[in-house]
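**Student:** need coordinates for the below:
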Amino acid sequence: MSADTFWDDAERHLVRYGAAFTPRIIESAAGSYVYDSDGAAILDFTSGQMSAVLGHSHPDVVRAVSRSVASLDHLFSGMLSRPVVDLARRLSATLPEPLTKTLLLTTGAESNEAAVKMAKLYTGRYEIVSFDRSWHGMTSGAAAATFSAGRRGYGPTLPGNFTLPTPNAYRSPFRGPDGSYDWEAELEYGFALVDQQSTGALAACLVEPILSSGGVIELPPGYLARLKEMCAERGMLLVLDEAQTGLGRTGHMYAFERDGVVPDILTLSKTLGAGLPVAAVVTSGEIEQVCRDRGFLFFTTHVSDPLAATVALTVLDVIERDNLVERAAKLGEQLTERLLRLRADHEVVGDVRGRGLLQGIELVTDKESKAPADALGHAVTAACLDRGLHVNIVQLPGMGGIFRIAPPLTASDEELHAGLDILDAALGAVSSSR
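**Tutor:** Residues are numbered from 1 along each chain as shown. Sure, this is the predicted structure:
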């Protein structure tokens, strides 16, 4: 099939479900690279859809999938297999008490749906709080807690969803007398608004430790601890969505470890399957028991699938064997250093944020005004692709100049710096042509 025919067929037969497709036909992928139909190698700084922490086609994952598909991949949802129980035990061993109970699913939205249902059933309430730049999935409950995009034109969402202001230190209007960011005042203000709107039925707060689609916004040190206190004061559960921050990505096994805060419910997906559809909900024995007693129902086609469990077990094995959590921390230090250098060298790089191997830069028209630079972001993205780098921008209005940089944890030092060299060159070329 010629390239023209391919794109004609794509236009004729595919539903367009978001941003425009990358103008390359991808034929294969291996390690930190994807390869297009012309044989060009493209360095993947998005880890697929922010998921492939072991890179593409990791040999251990390939072997595990082949073995599982040939012997035990899918069962009636009421049956159990050894990989599922093994995974639940392994996940528990990586987590602090009391997170000991696991529900194995397939997608991030599904895991957030299950977590929200558990929180509602456990508390007997229905109101959910999330950030105003949140992204938790496209199914109904997860979409109702998603505020960064996708809310217009579909009619009413589930009732009882409220927002907190996203703690964006670069742009927040909450400032101390010396101009420093006052996240404490912002959080207090946000909960005051929630309390005014609530009918007295607050069930849970669902947040990411680093908002990824929301613009690579990292929660300030101390924020998560105070957030949990405020949830406890209201009888709410704290649900952490670590779809993108879990499994070593931030230089900790789980991002919440930096803050010494244990959520009531943890959701995992993307990184747990390293690019394959695997997700999980982990909670305490006490919450699980109450939900069980009250008839918790989440009986889906692929719940507790042995193939998903086998993949997740393999991912955990490789992360532990190859010390990838420590690797992400060390590479993250190099990434931070290079991004700060970009900010110093380029007038259009306004902010650097994130940690480990989930970091970002925000482009602006100039550093004084901080005006968003959507068109510039698109131009830099195209210039990077022309030079052999796929790097992700947050393709939402007003955030088109925000780049998410999330290479695989298996990327080499040379690959990391090669990609950053391309980004540096693209910024220079596009800026000089303005």
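**Student:** got the buried residues for stretch 91-103?
**Tutor:** By 16 or more other Cβ atoms under 10 Å, the buried positions in stretch 91-103 come out as L91, S92, L95, L99, T100, K101, T102, L103. For glycine as for every other residue, the C-beta is placed from the backbone atoms N, C-alpha and C.
**Student:** run through who's touching it.
**Tutor:** Residues from elsewhere that reach stretch 91-103, judged by Cβ atoms under 8 Å, 6 or more residues apart in numbering: 87-88, 111, 114, 253-254, 262-263, 266, 268, 280-288, 298, 303, 312, 316.
**Student:** now, these that are in strands?
**Tutor:** L266, L268, A280, V281, V282, T283, S284 (DSSP state E).
**Student:** most neighbours among those residues, which one is it?
**Tutor:** L268 (28 neighbours; other Cβ atoms under 10 Å).
**Student:** for S432, give me the pLDDT.
**Tutor:** If you check S432, the pLDDT there is 82.
**Student:** hmm, H252 and V325 touching each other?
**Tutor:** Yes: with contacts counted by Cβ atoms under 8 Å, V325 reaches H252, the gap being 6.7 Å.
**Student:** list phi and psi for the closest residue in space to A119 that isn't next to it in sequence.
**Tutor:** Nearest non-adjacent residue to A119, counting by Cβ to Cβ, 6 or more residues apart in numbering: A204, 3.7 Å away. With angles defined as degrees, to the nearest 10, A204 sits at phi -160, psi 160.
**Student:** same for the worst-scoring helix or strand of the chain on mean pLDDT, what does it pack against?
**Tutor:** None of the helices or strands of the chain scores lower by mean pLDDT, DSSP states H and E than strand 392-393, at a mean of 86. For strand 392-393, the elements it packs on are helix 374-386, strand 402-405, judged by 3 or more Cβ pairs under 8 Å, 6 or more residues apart in numbering; DSSP states H and E.
**Student:** let's see 7 Å
**Tutor:** Judged by 3 or more Cβ pairs under 7 Å, 6 or more residues apart in numbering; DSSP states H and E, strand 392-393 is in contact with strand 402-405.
**Student:** give the rounded mean pLDDT of the strand it packs on.
**Tutor:** Throughout strand 402-405, pLDDT has a mean value of 96.
**Student:** list the helices and strands it packs on?
**Tutor:** Strand 402-405 sits against strand 358-363, strand 392-393, with contacts defined as 3+ Cβ pairs under 7 Å, 6+ apart.
**Student:** apply 8 Å and report the result again.
**Tutor:** Packing partners of strand 402-405 (3+ Cβ pairs under 8 Å, 6+ apart): strand 358-363, helix 374-386, strand 392-393.
**Student:** domain-wise, how is this protein divided?
**Tutor:** According to the TED database, the chain comprises the domains 11-57+323-432, 61-322.
**Student:** any chance of those in TSV, plus distance to M1?
**Tutor:** Listed next are these as TSV, based on distance: least, Cβ to Cβ, whole Å:
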stretch	distance to M1
domain 11-57+323-432	9
domain 61-322	25
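**Student:** A3: which of these is closest?
**Tutor:** For the domains of the chain, the distance to A3 is smallest for domain 11-57+323-432, at 6.2 Å, taking Cβ to Cβ.
**Student:** distance across the closest one, terminal residue to terminal residue?
**Tutor:** 35 Å (Cα to Cα, to the nearest Å).
**Student:** do stretch 173-188 as well
**Tutor:** Its start and end residues considered, stretch 173-188 measures 14 Å (Cα to Cα).
**Student:** then stretch 247-265?
**Tutor:** From start residue to end residue, stretch 247-265 stretches across 16 Å - Cα to Cα.
**Student:** give me the mean pLDDT for it.
**Tutor:** Averaged across stretch 247-265, pLDDT comes to 98.
**Student:** helix, strand or coil: sort out T5 for me.
**Tutor:** Using DSSP: H, G, I helix; E, B strand; the rest coil, the three-state assignment for T5 comes out as helix.
**Student:** for the protein, what's the longest helix?
**Tutor:** Taking DSSP state H as the criterion, the chain has its longest helix at helix 324-345.
**Student:** contacts for that one?
**Tutor:** Contact with helix 324-345 is made by 53-54, 248-253, 318-319, 349-352, 355-357, 359, 361, 405, 407, 409-411, 413, 416-417, 420, 423-424, 427, as judged by Cβ under 8 Å, 6+ apart.
**Student:** quick check, central residue of the protein?
**Tutor:** Residue closest to the average C-alpha location in the chain (Cα atoms, centre = their mean): Q244, at 2.9 Å.
**Student:** so that residue sits in a helix?
**Tutor:** No: under the criterion used here (three-state DSSP), Q244 is coil, not part of a helix.
**Student:** wait, isn't it in contact with L211?
**Tutor:** No: Q244 is not in contact with L211 according to Cβ under 8 Å; the separation is 9.4 Å.
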